[in-house]
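no FASTA, just this:
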């Protein structure tokens, strides 16, 4: 009796914290109708609109710009779906999978890197809200500190509750956001004169193809690497792969397209101070109120996922089930960064994400499919403190991504897979059981 009564509170606590240190059990798995809207809400983010806005004016609409958007989002969607499939098959998040490919202690580097990127995104989002309210709603800049403070903690409320709260928010917000963006696109298309008008616009042509693809992929590669925090809840590998692809190829691609399209159309309009800002564009179109609604919804549905991802990484780093404590702690760290002016550093931040995050996923995928043949060991099975094959593969692949010409995310993923496969053959026995926990 004592054992049963002790187990039930423990299981309830794990469910309430969304299983940060264990595989998601079968009874907690979700269908595609739950998972797909949540992941789509995660990708429908203002940062993606801004990234599209940076790329749009640089290229001719057809075929250059459209080709870049399709290729970039195929890379992002394929990468994210592959990780999502593994997560559903194992029930594990990225940081838990990293124990096998980086080692018990080595995986803490993955916790730090992924957690830090999410804090950066969260801080940027809070600062963005304040900046746009200054420009569009006339809120005095002297109130920015209070605006940032309020939204920093408001947006993390659903992340604190967990999967079920984010699920219901996404079911309401995603359809509303898609309708608003289609509305804005239709106005922009009519004003520019359709396809012929778009083709007549002379692009700036200052950005290279590799840089554009790095920005498109880098915008959400960190999110794609951590989408396993939700795809691990999928009731099958197919559910996870389809849900993740719908979010990271279609939804994220639609957002990139919307930002690029509107920026291309309005880049020469003097009344639009920043054509990469969809809310400013919508204000010019006479849709200021709806632009602010769109901003609020897409910020909330991504900010809560962002801080949730940080909380999972933090719980794993410190080996505790108290995920909710990291929601509040991460929000506080983001608050300090937002007050410090992180809003001005978006472009270099995106390029760094597109360079140093993809090799993590490459190492994990190689470890799962090539080393473990599609079957991880039990999570409680002792692992080496450091899996040097994974660590070396990550460092070298990141250097290749940073220095080699071409598309940085692809360079990093491919290099990580090849290097880990070779190094694991040379450095790891078939059943490496060295204990370190």
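Cool, got the structure. For clarity, every value in this text was computed on a predicted model and none was experimentally measured.

pull the contacting residues for residue 222.
Residue 222 makes contacts with 114, 117, 118, 121, 353, 357, as judged by CB atoms under 8 Å, 6 or more residues apart in numbering. C-beta: built from backbone N, CA, C; applies to glycine.

flag whichever of the residues you listed scores worst on pLDDT.
Lowest pLDDT within these is found at residue 353 (76).

give me the nearest residue to that one, chain neighbours excluded.
residue 218 (4.5 Å; CB to CB, 6 or more residues apart in numbering).

so where's the stretch 1-150 of the chain shaky on pLDDT?
1-16 (pLDDT under 70).

correct me if wrong: residue 56 contacts residue 263.
Yes: counting by CB atoms under 8 Å, residue 56 sits close enough to residue 263 to count as a contact (3.8 Å).

any shared contact partners between those two?
275, 276.

I'd like the next helix or strand past the host helix or strand of residue 80.
Using DSSP states H and E, residue 80 sits in helix 66-90. Downstream of helix 66-90, the first helix or strand assigned by DSSP H and E is helix 94-102.

what does that next one rub up against?
Taking CB under 8 Å, 6+ apart as the rule, helix 94-102 contacts 21, 23, 83, 86-87, 90, 106-107, 109-111, 114, 225-226, 228-229, 312-313, 316-317, 360-361, 363-364, 366-368, 372, 376-377, 379, 383, 386-387, 390-391, 394, 420.

and those, which of them are buried?
Buried members of these, counted by 16 or more other CB atoms under 10 Å: 21, 23, 83, 86-87, 90, 106-107, 109-111, 114, 225-226, 228-229, 312-313, 316-317, 360-361, 363-364, 366-368, 376, 379, 383, 386-387, 390-391, 394, 420.

now intersect the contacts of residue 222 with the helices, please.
Counting by DSSP state H, the part of those found in helices is 114, 117, 118, 121, 353.

which of these lies closest to residue 76?
residue 353 (11.5 Å; CB to CB).

count the residues that sit near the closest one.
26 (other CB atoms under 10 Å).

quick one: contacts for it?
117, 218, 219, 221, 222.

what about it, distance to residue 345?
12 Å (CB to CB, to the nearest Å).

shaky segments in the stretch 301-437 of the chain?
For the stretch 301-437 of the chain, the ranges with pLDDT under 70 are 343, 346-347, 350, 430-437.

can you do 90?
Where the stretch 301-437 of the chain drops to pLDDT under 90, the residues are 302, 337, 340-355, 357, 380, 405-410, 428-437.

can you pull out the strands in it?
Applying DSSP state E, counting those that start in this stretch to the stretch 301-437 of the chain gives no strands.

re the thing from before, neighbour count winner among residue 56 and residue 263?
For residue 56 versus residue 263, neighbours defined as other CB under 10 Å are more numerous around residue 56 (30 against 26).

wait, what's in contact with that one?
Residue 56 is in contact with 65, 259, 260, 261, 262, 263, 264, 267, 275, 276, counting by CB under 8 Å, 6+ apart.

please work out how many residues are found near the residue nearest to residue 353.
26.

pretty sure it sits against residue 409.
Yes: Residue 218 lies in contact with residue 409 (CB under 8 Å); the separation is 6.7 Å.

got any residues that touch both of the two?
354, 355.

just give the number of residues close to residue 185.
Neighbour count of residue 185, defined by other CB under 10 Å: 16.

any idea which helix or strand carries it?
Residue 185 belongs to helix 163-192, assigned by DSSP H and E.

which of the residues in the helix or strand following that helix are buried?
Once the chain leaves helix 163-192, the next helix or strand it forms, by DSSP H and E, is helix 194-200. The neighbour-count check on helix 194-200 (16+ other CB under 10 Å) flags residue 198 as buried.

and helix 194-200, average pLDDT?
93.

ok, then the element right after it?
According to DSSP H and E, the helix or strand after helix 194-200 is helix 209-218.

which residues sit against that next one?
Contacts for helix 209-218 (CB under 8 Å, 6+ apart): 51-52, 54-55, 58-59, 68-69, 71-73, 75-76, 256, 347, 350-355, 357-358, 405-409.

residue 273 - how many residues pack around it?
Counted with other CB under 10 Å, the neighbours of residue 273 add up to 10.

quick check: it vs residue 48, distance?
From residue 273 to residue 48 the distance is 20 Å (CB to CB).

same question, residue 324
27 Å.

can you check residue 408 too?
Per CB to CB, residue 408 is found 18 Å from residue 48.

who has more neighbours, the two?
Using other CB under 10 Å as the criterion, residue 408 and residue 48 rank with residue 408 on top: 29 against 25.

the more buried one reaches residue 398, doesn't it?
No: assessed by CB under 8 Å, residue 408 is found out of contact with residue 398, at 9.7 Å.

give me the common contacts of those two.
What both residue 408 and residue 398 touch, as defined by CB under 8 Å, 6+ apart, is the set residue 355.

contacting residues for the residue minimising distance to the centre of the chain?
Central residue of the chain (CA atoms, centre = their mean): residue 223, 1.5 Å from the mean position. Residue 223 makes contact with 42, 43, 80, 121, 305, 306, 309 under the criterion CB under 8 Å, 6+ apart.

chain neighbours aside, what residue packs nearest to the fourth one?
Of all residues beyond its chain neighbours, the one nearest residue 121 is residue 306 (5.1 Å), with distances taken as CB to CB, 6+ apart.
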